[in-house]
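[1] could you look at this predicted model? Sequence included:
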Amino acid sequence: MPTPSMRGLPWHSSADSDFGYISMKLVIFDIDGTLVRSDPHEDRLFWQALVEVLGVQKEPFEWSSFKHVTDSGITQEVFRRQFGRDPEETSLAAAEDHFGSLWLRLLSTLPRDEIEVPGARAMLAYLNDHPDWRVAIATGGWERTARAKLGGADIAHREVPLGCANDALAREDIMAIAQARAKIQNANKDFERVVYVGDGEWDARTCSAVGMPLVGMAIAPEVRERLSVLGVSHILEDYSDRAAVLDALDSARVPPA
């Protein structure tokens, strides 16, 4: 599907002057490491799906080494490197389906508290009812897996605008799609402020490139250190302190280039 151009979507805009319209702000959440704690399992299940469905050989790698740190982007890059061509759409769909099935099987054995970033479920519910904020989700994961993880953490998400790796290869395009869908849900009104919440180095780089404020989410100390080195102005450990979360959403700055 065509993806919106980043240049055509204003990340910051003045309040709408239409009579009776209250200017809104938008927070876009990543999923992995931000709403759900998937790190202990993600690499293993992802490679299992690619090896068993696409026939690739497992490679040692760092997520940040890929051009597009998304399920679709990584899969395409690995497949091209090993086979010299792009995978077929039917093969990609089969890999996504298998990856989702692997996650669903694992999630059925894990308690919600081991999946959810503390306070994430309550925070999204609170923001959904907040008079000043709207919520969207932009993830580098495929849709089936993304929804499985959110469901495993018991995070209500069916009515939340979502951009994912099925929509585009690049994170900036996925974020743009999530914002565009949120704008439609907001009666096609622009948002006064748009801020992203994420945990990855790639989140900081993308937000810097598109001029979007970033709130870092760092469950582990090493993640906090990486985000701090990248100049992320506000870094949280979880969502347990609601006042601190709201302050970060209002005050976070665009990471430096």
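    Arrived safely, thanks for sending.
[2] residue boundaries of the strands in the stretch 151-257 of the chain?
    162-163, 193-198, 214-217, 234-236 (DSSP state E, counting those that start in this stretch).
[3] just name the most buried of these.
    strand 214-217 (a mean of 28; mean count of other CB atoms under 10 Å). From N, CA and C alone the C-beta is placed, and that goes for glycine too.
[4] distance between that strand and the chain's centre?
    Computed by CA atoms, centre = their mean, to the nearest Å, the chain-centroid distance of strand 214-217 equals 11 Å.
[5] tell me the strands beside it, with direction?
    Using DSSP bridges, the strands paired with strand 214-217 are strand 193-198 (parallel), strand 234-236 (parallel).
[6] columns distance to I155 and mean pLDDT on top of those strands, output as TSV?
    Output for the strands paired with strand 214-217, formatted as TSV (distance: least, CB to CB, whole Å; pLDDT from 0 to 100):
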stretch	distance to I155	mean pLDDT
strand 193-198	13	98
strand 234-236	17	98
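[7] how about TSV for those, with distance to L124 added?
    Shown next, in TSV, are the strands paired with strand 214-217 (distance: least, CB to CB, whole Å):
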stretch	distance to L124
strand 193-198	10
strand 234-236	14
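[8] how about K25, phi and psi?
    phi -120, psi 150 (degrees, to the nearest 10).
[9] bridged to the closest residue to it other than its chain neighbours, which residues?
    Closest residue to K25 apart from its sequence neighbours, by CB to CB, 6 or more residues apart in numbering: R193 at 4.3 Å. R193 has these beta-bridge partners by DSSP bridges: H12, K25.
[10] buried ones in the helix or strand bottoming out on mean pLDDT in the chain?
    The weakest-scoring helix or strand in the chain, judged by mean pLDDT, DSSP states H and E, is helix 112-115 (a mean of 90). Neighbour-count burial for helix 112-115, counted by 16 or more other CB atoms under 10 Å, picks out I115.
[11] after it, next one along is what?
    helix 120-128 (DSSP states H and E).
[12] could you say what helices and strands that following helix packs with?
    Counting contacts by 3 or more CB pairs under 8 Å, 6 or more residues apart in numbering; DSSP states H and E, helix 120-128 is packed against strand 133-138, helix 242-251.
[13] low-confidence ranges in the stretch 1-150 of the chain?
    Low-confidence segments of the stretch 1-150 of the chain, defined by pLDDT under 70: 1-22.
[14] ok, now with 80
    1-22, 61-64 (pLDDT under 80).
[15] count the neighbours of the nearest residue to K58 once chain neighbours are set aside for me.
    Closest residue to K58 apart from its sequence neighbours, by CB to CB, 6+ apart: W47 at 4.9 Å. A count of nearby residues for W47, using other CB atoms under 10 Å, gives 17.
[16] show residues contacting the least confident helix or strand of the chain.
    The contact list for helix 112-115, computed with CB atoms under 8 Å, 6 or more residues apart in numbering, reads 36-38, 107, 149, 152-154.
[17] relative to E159, which of the helices and strands packed on helix 120-128 is closest?
    Each of these has some distance to E159 by CB to CB; the shortest is strand 133-138, at 9.4 Å.
[18] now that closest one against strand 193-198, angle please.
    40 degrees (axes from the mean of the first three to the mean of the last three CA atoms, to 10 degrees).
[19] list the pairing partners of strand 133-138 within its sheet, with orientation.
    strand 25-29 (parallel), strand 162-163 (parallel).
[20] save these as TSV, and put in distance to L227 too.
    Below are the strands paired with strand 133-138 laid out as TSV (distance: least, CB to CB, whole Å):
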stretch	distance to L227
strand 25-29	16
strand 162-163	22
